[in-house]
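1. take a look and give me a structure for this.
(one chain, ligands or ions: 1)
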Amino acid sequence: MFLRESLARLFACLFLLVPVLGSGILAQSTGNKAVATASAIQDDPDFARAVKEWTTRPEFISPLVDHLPKAAGIPSPKDILGHHIGEPKKLTYYADILKYYRALAAATPRVKVVTIGKSNEGRDLVVVFVGGDESIGNLENYRGYLAQLADPRTVTDAQAKDVIDKAKPIYHLSGGLHSGEVGPSEMLMELAYRLATEDSSLIKQIRDTVIVSITPVADPDGRDRNVDWYYKYGINETEGRTTGAGVPYWGKYVFHDDNRDINYSQVEMRALLDWYLQWHPPIMHDLHQAQTLLYTFSGQAPQNPNLDPILYGELPAMANFEMSQMTKYGMPGVWTHGFVDMWSPGYLAFMSSNHNGMIRMYEIQGFSGANTQKMRLGNPNGTGANGVGGPAPAGGGRGAGAPADAAAAVAGRGSQATRDWFRPLPATGEFDWSIRNNTNYGETGVLTALQYTSQFPKIILENFYVKSRNSVETGRKETVAGYVIPAGQRDMTRVERLINLLRLQGIEIGRASAEVKLTEGTFPAGSFIVKRDQPYSRLAKTLLEKQVYPDPTLRTYDDTSWTMGLMSHAEVKEIADKKILDLAVEPIKTAEIHLAGALSGSGSTIAVAHTGSNNMITLRYRLKDLTIQAAEKEFKQGDVTFPAGSFVINGDVARVRTEVEKLGLTAVALPSAPQVPLHALDLPRLAIYSIWGNTQEIGWVRYALDRFEVPYELIFKERVKKGDLRGSYDLILLPNQGGSGKRLVFDIENRGQPIAYKKSDQFKNLGMYGESDDITGGMGLDGVAEFEKFVKSGGVLVTLGTASYFPAEFGLAPKVDAARTSAQFYAPGPIVNAEILKPEHPIFYGYDKKMVPVRYANGPLLSVQTGVNPFADGPPPPGPPPTPQSVLMRYPGGDDQVLSGLMRGAAEIRNRAAIVDEPSGKGRVILFAGNPCYRWQNFGEFNMLFNTVLNFNDIKSEPAKPATTDTPAR
Ligand SMILES: [Zn+2]
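-> The predicted structure is shown next:
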């Protein structure tokens, strides 16, 4: 490298003197054969000069990236974009990024661009391949080799050895998953060009032995919106004068959670997964930016014990190689360990580890724009703010509106300036940081990772094969031999979704051809069988088992549980009986299954059984022009039991039949209406309220409603302040947002100037999903008053998760108190039991058990005043306080009620209300302490929210407290 470096410098000098000489001529004119062999292509002196200028300190660059070839006929980034990568105050829109890669691919056989789908907003999603002429020319062969290694059942060990001899690892790089982390998507263009054109021995070696594939921008919609925001606001920011507000949206629905999308709901993530399962890159490397100055992931504890132990050797090996190489170049602040752990399988690049490959990740120092900014790091001899060695606080990177990765970085900066065993050369002191520094760090790191891969390509491939083979073999040997998902469950639509989500990730599932008898029980023919002697057996176990968190003293970066059966309220039986491996099954060959519904009987009144399917609400909206009623009590027709909440529909049997079949529901046509009380299922005028500073959790609810075809209006403070909410809406839903009532009401702080979010000719990506002349200030107390009027005049206000602080703290539900857990309490997304206290309440239509699993969402600890005067003299009455009528569901609390994952301090939630239904004036407030619509995940709870929507004006209070009675004045 250093030889290459000095030669490059020599070249740069020569070219300044003889800029007109072509490379071939130069080789002759110098008469130096060694020089000519080392590089037949000249470097670009303009690049070297610019990069030197933009790099804020000499140690912030390496010999790998301080030069760039100027290859005749092949466009460099500057040739297309007009500037070198890393120029201050320059960010590239996605269309220009694509333009660059396509121009590069058109000019060299070493680059190929394939389109893999479309983003939510219609942008092309692509993967760019870069490699030697031979590699790119024979990509299909290389794809075939990796497919063979990915499924070890197709080859013997001897054959695998032959395949490994011929194969090359694909190393996948991905930038721009988080739109505020702008640098890597710029850097990757330069990297692609360098890999295609440079003739140094290192680059040649990489080109010959590795195929690099690139996701230029994982969330292109968010990229463009963030770039718009930067050019509108960020570019003018200086130290001490910032707008204080980020762009209200990245992608259509979510911010950072595109890296937590465990079920691949978002089209961009799904397209990459589909691509992955066709190409099987053994390594996927996701480039983020937040940590100081470059953190390289090594998979620290807590670790998922299902994954192959080999992986836990590979991860630190590569990370340590990068750290030592970059330290050798004199680049400070490169570290590993001590940040992200290896617990949740939901991060995007985890698709690789989940499929026997290797997830890799960087956090590179950077900002959401391209301004050069001052950084101040702690005293190297001082103690870090976080205490060194400990993992970063959970919550970092889980951010909603604000880039929480960045917040975590700030919190960690004190400790990041300290030397430790995993940070041998910390960055310290005060310095400017530029986007070119970010490019230098990212590109040097990635080239170093590629150097490692090119040194050991066969080891990488062999490990990939052995991990795949081990996955099949451990599946045969381990205690858990498979899973049965029984046929004939009460609601098969959630079973169908669960099966399809497993299939989406490539997990093999079969249907039992006959009744199944195993030690664990007897299951009907047609039951779904997941055998563990398959390449993705580890993933199947990870997704289906209950998560047993290894050490309650450890914190983690995201959720501790995701058990799919519990999340779906579907029965999934873990099987130890090895006979499951030999069961005769009909393999599911299609990507998805569809379990058709059925309408039997004859008559013009149709009853549709409500057994908890989320598709009931879709049926209601698809048939919105028909009169549909809900049965308030259970009834039977022949063999079919219709639980309370079942639909009774009159007329248009043919249309109802079509939809019932499509939606997988069970219906019977009756000769006459059932003799039970019924109420009409009117459709509410539904609004979702969103603050501007934190739109992600609202985005998940929007996504779910869109998927289930529930129309709504998304409203902001602008609409609330106009007043007369009752004139426009029947039900206003406040998804989890803000973190407190105060934040929900006052939202983004105003720093003296309005911050508009509006579309213009120049900024076409702003003003989408809502628009505002000024996103700061929140709805304020005037807005609170409008919400109060809405409720008092008959509106239904529904609050989820932390939004439930709002009605409690601002008096809209005066009897409800919202407290917080202690500092010791720690519950990163466990699944816990919740007890239904009012099973007859419409919210619980379709549920048949008293105790249901719910994801704990860290909302408020709700309690309802029971009418006992707390200021009265004398001791309180003996015994536990009565449970108020308005508490519909509660958390029993305690360690034994934690079903999956970690809840530290589980006694703190004992008997706290999980759902409260408080009448207020003519309306009511329904507070969920949890989040019944969390990401695209807790499908078993969605129905509680959907029932609330469908029965919004049929929720009756207890006789003792009729809805017409006003609550006492505050
Ligand atoms: Zn990130």
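
2. host element of residue 335?
-> Assigned by DSSP states H and E, residue 335 belongs to strand 334-336.

3. pLDDT at the residue in the stretch 501-650 of the chain that the ion sits nearest to, what is it?
-> Of all residues in the stretch 501-650 of the chain, the one sitting closest to the ion is residue 557 (11.1 Å; Cβ to the ion). Placement of C-beta: from N, CA and C, glycine included. What the model reports for residue 557 is a pLDDT of 94.

4. so what's the residue count around it?
-> 23 (other Cβ atoms under 10 Å).

5. test my guess that it contacts residue 343.
-> Yes - taking Cβ atoms under 8 Å as the definition, residue 557 is a contact partner of residue 343 at 7.5 Å.

6. any idea what sits nearest residue 953, other than its immediate chain neighbours?
-> In space, and not counting its chain neighbours, residue 953 is closest to residue 682: 5.9 Å by Cβ to Cβ, 6 or more residues apart in numbering.

7. wait, I meant residue 816
-> Going by Cβ to Cβ, 6+ apart, residue 816 has residue 808 as its nearest residue, at 4.6 Å.

8. tell me what the strand holding residue 335 is packed against?
-> For strand 334-336, the helices and strands in contact under the criterion 3 or more Cβ pairs under 8 Å, 6 or more residues apart in numbering; DSSP states H and E are strand 294-296, helix 309-328.

9. give me the contact list for the following helix or strand past the shortest one.
-> So that's strand 294-296. On the C-terminal side of strand 294-296, the nearest following helix or strand under DSSP H and E is strand 300-303. Judged by Cβ atoms under 8 Å, 6 or more residues apart in numbering, the contacts made with strand 300-303 from elsewhere in the structure are 312, 337-343, 391, 549-551, 554, 556.

10. equivalent analysis for stretch 124-135, please.
-> By Cβ under 8 Å, 6+ apart, the residues outside stretch 124-135 that reach it are 98, 101, 105, 109-119, 136, 139, 142, 168, 172, 192, 195-196, 207-208, 210-216, 220, 268, 271-272, 275.

11. now intersect those with the strands, please.
-> When the contacts of stretch 124-135 are checked against strands (DSSP state E), the matches are 111-118, 172, 211-215.

12. and those, which of them are buried?
-> Buried subset of those (neighbour count, 16 or more other Cβ atoms under 10 Å): 111-113, 116, 172, 211-215.

13. Throw the residues you listed into JSON lines and include pLDDT, thanks.
-> JSON lines is the format used below for those (pLDDT from 0 to 100):
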{"residue": "111", "pLDDT": "98"}
{"residue": "112", "pLDDT": "98"}
{"residue": "113", "pLDDT": "98"}
{"residue": "116", "pLDDT": "98"}
{"residue": "172", "pLDDT": "98"}
{"residue": "211", "pLDDT": "99"}
{"residue": "212", "pLDDT": "99"}
{"residue": "213", "pLDDT": "99"}
{"residue": "214", "pLDDT": "99"}
{"residue": "215", "pLDDT": "98"}
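
14. now, which of these sits nearest the ion?
-> Using Cβ to the ion, residue 215 is the member of those that sits closest to the ion, with 13.8 Å.

15. ok, that closest one - contacts?
-> Counting by Cβ under 8 Å, 6+ apart, residue 215 touches 125-127, 172-176, 272.

16. need the max-distance pair from the residues you listed.
-> Considering Cβ to Cβ, no two members of those lie farther apart than 125 and 173, which are separated by 15.0 Å.

17. out of these two, which sits in the more crowded spot?
-> Neighbours of residue 125 and residue 173, each counted by other Cβ under 10 Å, are more numerous for residue 173; the result is 29 against 22.
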